[in-house]
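Trainee: quick one: sequence and predicted model below, then my questions.
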Amino acid sequence: MTMKMHYLSLCFVPLFFLSTIASAGLVLNPQRIVVLDRERTASLELLNTSDEAARFQIYFEHKKMREDGSIVDLDDNEINDGRQLAGDMIRYSPRRVNIESQGSQTIRLAVRRPKDLADGEYISHLALKQIPNKVEPVTNKTGEASAEEKALSFKVQPILKIAIPVIVRKGMLQASATISDISLVQEDERQPFVQLKLHRSGNRSLYGDVEIFRLEGNSTGTRVGFAKGIALYEPTLSRVVNVQVDKEVADPGTKLLVRFDEKGKYGGDNSVEQIITVQP
């Protein structure tokens, strides 16, 4: 496999002018929970769109974001180093649910911030792990199942697990965003992608969309790439973002506008962009 990386000339342009998750029959709304300063409650709606009942165990996990954008578990030393985690200050109910086909369930969360909690942002992940449905053994004409039939009576059922971030904030928080290290990557005949680094300063996370437009003269033309819901969580300061783009933008001399816009519903208003030119 060959990888061709196009280096891009660029100029920085400051701007002064951010749903649901569905997986294997389970719909979650919202896709992330942010409990703002002075808020004490939140909720998560679950909808079972499958043809049979589904059972889930619900619990908190403690994770972190790496600079490559992946989300991994904290190790025991990180969990026990005295840091405050969102899951430690949240009570929730229920902790196990049985949702009938086409049914719904609400998970309610109550936040109790410690009195001495420092201003900042605290994060954990709320995990929903599917509990396999019981399968009745095949019975013979007498209504009983032989040992062999019991051994052969099974159902392959994939175990679904989803984890969404839950963020608790205290105090008046702020963050600034920048983007850098932009390159166009072409691997063989595969669809090219723009790779960039998203940077964060301040004491809260970033969450927004990345859009890429092909410039036509001095005007913003067709959108050729889009990545929704790009997060950069505290305390990670930067992460890599890859956005697939249309194949024709790999032509040398093509000018692109790369933009990151925060989602205003989570308290952010960062909007930054850069103009890049694809080089041979």
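Mentor: That came through, no problem. Numbering: from 1, shown residues only.
Trainee: ranges for the helices of the stretch 101-250 of the chain?
Mentor: For the stretch 101-250 of the chain, the helices defined by DSSP state H, counting those that start in this stretch occupy 147-152.
Trainee: and this structure, what are its domains?
Mentor: 3-18+173-278, 21-170 (automatic domain parsing).
Trainee: now the ones you listed in JSON lines, with mean neighbour count and mean pLDDT?
Mentor: Where C-beta positions appear, they are placed from N, C-alpha and C, glycine not excepted. Below are the domains of the chain laid out as JSON lines (neighbours: other CB atoms under 10 Å; pLDDT from 0 to 100):
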{"stretch": "domain 3-18+173-278", "mean neighbour count": "16", "mean pLDDT": "85"}
{"stretch": "domain 21-170", "mean neighbour count": "14", "mean pLDDT": "87"}
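Trainee: strands along the stretch 51-200 of the chain, start to end?
Mentor: 54-61, 63-65, 71-73, 90-93, 96-99, 104-111, 120-131, 161-170, 175-187, 193-202 (DSSP state E, counting those that start in this stretch).
Trainee: partners of the first one in the sheet?
Mentor: Meaning strand 54-61. Taking DSSP bridges as the criterion, strand 54-61 forms sheet pairs with strand 96-99 (antiparallel), strand 120-131 (antiparallel).
Trainee: angle of that strand against strand 161-170?
Mentor: 40 degrees (axes from the mean of the first three to the mean of the last three CA atoms, to 10 degrees).
Trainee: can you show me the CA trace of strand 54-61 as CSV?
Mentor: Taking Å, rounded to 0.1, in the frame of the first residue of the first chain, the C-alpha atoms of strand 54-61 are listed here in CSV:
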residue,chain,number,x,y,z
ALA,A,54,-34.2,-6.0,25.1
ARG,A,55,-32.6,-5.9,28.5
PHE,A,56,-29.7,-3.6,29.5
GLN,A,57,-27.4,-3.2,32.5
ILE,A,58,-26.5,0.5,33.1
TYR,A,59,-23.3,1.6,34.8
PHE,A,60,-20.5,4.2,34.7
GLU,A,61,-17.1,3.7,33.1
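Trainee: great, nothing more from me.
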